[in-house]
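K.L.:
just a sequence and a predicted model for now, questions to come.
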Amino acid sequence: MRAALPQASERRVCRLLCAPRSSLRQVPAEMRRRRPLDAALVERIWALTRRQSTFGYRKLWALLRFGDGIMP
């Protein structure tokens, strides 16, 4: 992008293209680290979604937080 339009700002180009500025940057693989998943929590979420497949993420969050006492 910088080679094609050196005088245009990144912000302006992204606004014209309706694209977030974060989509233009490449993050090296070593910087993209994911936290390990809590296996017990993952299993509990799977159990809830198998029992009630129509629940959305907000309802699941409420069940985990207030029903099971899991705090974020």
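P.N.:
That came through fine. Numbers count the residues shown, from 1 in each chain.
K.L.:
all helices of this structure, in order?
P.N.:
Secondary structure of the chain (DSSP state H): helices located at 10-17, 39-51, 57-62.
K.L.:
TSV for these, including distance to Gln26, mean pLDDT and mean neighbour count?
P.N.:
Glycine gets a C-beta too; all of them are placed from N, C-alpha and C. Formatted as TSV, these follow (distance: least, C-beta to C-beta, whole Å; pLDDT from 0 to 100; neighbours: other C-beta atoms under 10 Å):
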stretch	distance to Gln26	mean pLDDT	mean neighbour count
helix 10-17	14	85	12
helix 39-51	30	91	11
helix 57-62	29	92	12
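K.L.:
these: which one's closest to Asp68?
P.N.:
Closest to Asp68 of these is helix 39-51 (C-beta to C-beta; 6.9 Å).
K.L.:
what sits up against the closest one?
P.N.:
For helix 39-51, the surrounding residues in contact (C-beta atoms under 8 Å, 6 or more residues apart in numbering) are Phe55, Leu60, Leu63, Leu64, Asp68, Ile70.
K.L.:
can you do 7 Å?
P.N.:
Residues outside helix 39-51 that contact it (C-beta atoms under 7 Å, 6 or more residues apart in numbering): Phe55, Leu60, Leu63, Leu64, Asp68.
K.L.:
please report how far the nearest residue to the second one once chain neighbours are set aside lies from Gly69.
P.N.:
In this case it means Leu60. Distance criterion C-beta to C-beta, 6 or more residues apart in numbering; nearest residue to Leu60, sequence neighbours excluded, is Leu48 at 5.6 Å. Taking C-beta to C-beta, to the nearest Å as the measure, Leu48 falls 14 Å from Gly69.
K.L.:
check Arg11 too.
P.N.:
As judged by C-beta to C-beta, Arg11 and Gly69 stand 44 Å apart.
K.L.:
returning to that earlier point: Throw the helices of the chain into JSON lines and include distance to Pro28, thanks.
P.N.:
JSON lines is the format used below for the helices of the chain (distance: least, C-beta to C-beta, whole Å):
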{"stretch": "helix 10-17", "distance to Pro28": "19"}
{"stretch": "helix 39-51", "distance to Pro28": "28"}
{"stretch": "helix 57-62", "distance to Pro28": "30"}
